[in-house]
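A.B. asks: compute the structure for the input listed below.
(one chain, ligands or ions: 1)
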Amino acid sequence: MGDDSRRLVSDGGESIVDFDNKAFKPIPQSGIDLAVSAMSTGVMYRYQPKQNEQSLTAKLERSFSQYMGVKHTVGTNSCGSAMYIALNVVGVQPGDKILTNAFTFHAVPSVIHHAHAVPVLVESNREWAMDAEDLDKKASESGAKVLLMSYMRGHVPDMDAVMEVVNKHNLILIEDCAHAYATLWNGQMLGTFGEIACFSTQSSKGLSAGEGGLYITSNDEFAAKAVLYAGSYERLWAKHFDLDPEIMNRLQNQIPGYSMRMQEVTAAMLTPQIERLEKIKKTHTENWNLLHSLIDNHPNIEIPMPLPQVESFCDTMQFHLNGLSREKADQFIDLMKVEGIPMQIFGAKRNARDYRQWEYIEAHKQELGETIANIEFACDLSLQPHLTKENMHTIAQVFHDVLAYINAQ
Ligand SMILES: Cc1ncc(COP(=O)(O)O)c(C=O)c1O
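C.D. replies: I've put the predicted structure just below:
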């Protein structure tokens, strides 16, 4: 077993678990048909159809609003664009301080940087969600008025505590729900706690179209502004559903258009996916629970559980690798890759989810002890919905065998 390039469990050849395609969520046939039709008729720009009833993007926006139970959705070309628009909508000015997670993907501080604002990083707890106590402290110290909060990898903080801080400091809450589709706190959908929420439809996300974003709000003024920032000009806003003409006429030409619209082919691919979300969530949850039961008792593995109020989407699994040196933890990741199960450690190898790598912001120099301790040995595994229960058994077996091999050295 001295040769690390040899698989411990499988005997070479085909990958034992089909992980080659980490973001594997093919478009349902009806979405492919709609996309082909948009392409073959040349109707790919959302404002080409004469009316909202003929626009795939407008109809997707209406369906997503209904699904989320909010008044408005605005389709964008990415979640990053949706978040950038959100910061503009709530009036962020250059130099303003924005509270956000120290543990999230670098797209989030990048958006704050894009708005020429200054991120104030809030510590992450053992379960990788925002620490409400540190949020309270940082809100007091910084005087920030906006909180852009990520549910990174679907991890949900104590929302009662977070909302208490939001109300205490009168913060405007923008939710980054890129990883939090169909995720609930006490039966309430994440994305409905703040003034605005933003979802990603990039390939590895719950709704998957390569690229794309969805901005939601129940505030009529915030919806109107987002439509204009996304790039609606003249009276094209009339091709959206449910906008208030009085507000649109008043704001028309007051707001720049940043050309961040969703296009019809993206909307076509997404159209049949909203109703697929619950089915995918069921598969994810069953797989997650099974894998959890098979590896949770391993002495090197610590899987912090969500708070009891949380119902998760479960499309990924994270765990802390305890009792291993840095070198052995890296070896674990390398061997898992050889076995055909690619994983990463958030706090190692210049990972884009480690705030210390965000050198374009001043805050990357800070020593945020809680976050560092909680990402240093945090492993990340993607569980796409094509994986089977048998795959979970195989993954668990590989975990056990690889850890036994490393511990024996
Ligand atoms: C937590 C989080 N927020 C936001 C984004 C940005 O999404 P997009 O790629 O659609 O801009 C990502 C991207 O992966 C992300 O991981």
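A.B. asks: now the spatially closest residue to residue 284 that is not a sequence neighbour, what's its secondary structure?
C.D. replies: Excluding the flanking residues, the one nearest residue 284 by C-beta to C-beta, 6 or more residues apart in numbering is residue 314, at 4.0 Å. No exception for glycine: its C-beta is placed from N, CA and C like everyone else's. Using DSSP: H, G, I helix; E, B strand; the rest coil, the secondary structure recorded for residue 314 is coil.
A.B. asks: so residue 314 touches residue 153, yeah?
C.D. replies: No: in this structure, residue 314 is not within contact of residue 153 by C-beta atoms under 8 Å, at 10.4 Å.
A.B. asks: related to what we said a few turns ago, the residue nearest to residue 284: neighbour count?
C.D. replies: 23 (other C-beta atoms under 10 Å).
A.B. asks: can you pull out the helices in the chain?
C.D. replies: 29-41, 56-68, 79-89, 107-114, 132-142, 159-168, 220-230, 245-251, 264-270, 277-295, 326-338, 369-375, 389-408 (DSSP state H).
A.B. asks: can I get those in TSV with mean neighbour count?
C.D. replies: Formatted as TSV, the entries for the helices of the chain read as follows, by neighbours: other C-beta atoms under 10 Å:
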stretch	mean neighbour count
helix 29-41	15
helix 56-68	21
helix 79-89	26
helix 107-114	21
helix 132-142	18
helix 159-168	17
helix 220-230	24
helix 245-251	14
helix 264-270	25
helix 277-295	17
helix 326-338	17
helix 369-375	19
helix 389-408	17
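A.B. asks: nearest to residue 348, of the ones you listed?
C.D. replies: Go through those one by one with C-beta to C-beta and the one that ends up closest to residue 348 is helix 326-338, at 6.6 Å.
A.B. asks: the closest one to helix 389-408, inter-axis angle?
C.D. replies: If you take axes from the mean of the first three to the mean of the last three C-alpha atoms, to 10 degrees, helix 326-338 sits at 150 degrees to helix 389-408.
A.B. asks: near the ligand, which residues of this structure?
C.D. replies: 78-80, 104-105, 107-108, 150, 152, 176, 178-179, 200, 202, 213 (C-beta under 6 Å from any ligand atom).
A.B. asks: among those residues, name the ones in strands.
C.D. replies: 150, 176, 200, 213 (DSSP state E).
A.B. asks: hmm, back to that, want to try TSV for the helices of the chain, with mean pLDDT as columns?
C.D. replies: Formatted as TSV, the entries for those read as follows, by pLDDT from 0 to 100:
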stretch	mean pLDDT
helix 29-41	98
helix 56-68	98
helix 79-89	99
helix 107-114	98
helix 132-142	98
helix 159-168	98
helix 220-230	98
helix 245-251	97
helix 264-270	98
helix 277-295	98
helix 326-338	96
helix 369-375	98
helix 389-408	96
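A.B. asks: wait, which of those helices is closest to residue 17?
C.D. replies: If you check each of the helices of the chain against residue 17 by C-beta to C-beta, helix 389-408 wins as the nearest, at 4.8 Å.
A.B. asks: now the angle from the closest one to helix 277-295?
C.D. replies: Using the same axes, to 10 degrees: helix 389-408 against helix 277-295 is 40 degrees.
A.B. asks: what is the neighbour count of residue 310?
C.D. replies: Residue 310 has 21 neighbouring residues, counting by other C-beta under 10 Å.
A.B. asks: for the ligand, see how far away it is.
C.D. replies: Noted for residue 310: a distance of 17 Å to the ligand, by C-beta to the nearest ligand atom, to the nearest Å.
A.B. asks: mind listing what the residue lying closest to residue 180 once chain neighbours are set aside touches?
C.D. replies: With sequence-adjacent residues excluded and distances taken as C-beta to C-beta, 6+ apart, residue 180 is closest to residue 151, at 3.8 Å. By C-beta atoms under 8 Å, 6 or more residues apart in numbering, the residues touching residue 151 are 129, 175-177, 179-180, 183, 190.
A.B. asks: need those in TSV with neighbour count and pLDDT, can you?
C.D. replies: Below are these laid out as TSV (neighbours: other C-beta atoms under 10 Å; pLDDT from 0 to 100):
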residue	neighbour count	pLDDT
129	27	98
175	24	99
176	30	99
177	29	99
179	25	98
180	26	98
183	22	98
190	27	98
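A.B. asks: what's the domain layout of this structure?
C.D. replies: Listed domain ranges for the chain are 29-273, 277-408 (source: automatic domain parsing).
A.B. asks: residues touching residue 97, list them.
C.D. replies: Applying C-beta under 8 Å, 6+ apart, we find residue 97 in contact with 117-120, 142-145.
A.B. asks: related to what we said a few turns ago, dump the helices of the chain into TSV; add distance to residue 346 as well.
C.D. replies: Compiled in TSV, those are given as follows (distance: least, C-beta to C-beta, whole Å):
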stretch	distance to residue 346
helix 29-41	32
helix 56-68	29
helix 79-89	19
helix 107-114	14
helix 132-142	18
helix 159-168	22
helix 220-230	31
helix 245-251	41
helix 264-270	29
helix 277-295	18
helix 326-338	11
helix 369-375	4
helix 389-408	18
